[in-house]
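Peer 1: I'll drop the sequence and a predicted model, then ask my questions.
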Amino acid sequence: MDDEDDSSLTLHEVLDDKLRVRYFKGYLAAVAQAIKPAPS
């Protein structure tokens, strides 16, 4: 996940970080689920 240190990659390749985006989407979905009120 440290592609920004790889000088052989273009800026577009560094910014097109699908793995990191997928990780954060999953993380935020889990946080949202954890704070959602329980059904009454």
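Peer 2: Perfect, I can see it now.

Peer 1: which parts of this structure are helices?
Peer 2: Here the chain has its helices, by DSSP state H, at 11-15, 18-35.

Peer 1: pick out the shakiest of the ones you listed, pLDDT-wise.
Peer 2: Note on these: helix 11-15 shows the lowest mean pLDDT, a mean of 83.

Peer 1: about what we covered before: next, format the helices of the chain as JSON lines and append mean neighbour count.
Peer 2: Any C-beta I mention is one placed from the backbone N, CA and C, and that applies to glycine too. Conversion of these to JSON lines gives the following (neighbours: other Cβ atoms under 10 Å):
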{"stretch": "helix 11-15", "mean neighbour count": "10"}
{"stretch": "helix 18-35", "mean neighbour count": "9"}
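
Peer 1: next, count neighbours for L9.
Peer 2: L9 sits with 13 neighbouring residues when counted by other Cβ atoms under 10 Å.

Peer 1: any idea how far V21 is from A32?
Peer 2: Using Cβ to Cβ, to the nearest Å, V21 is found at 16 Å from A32.
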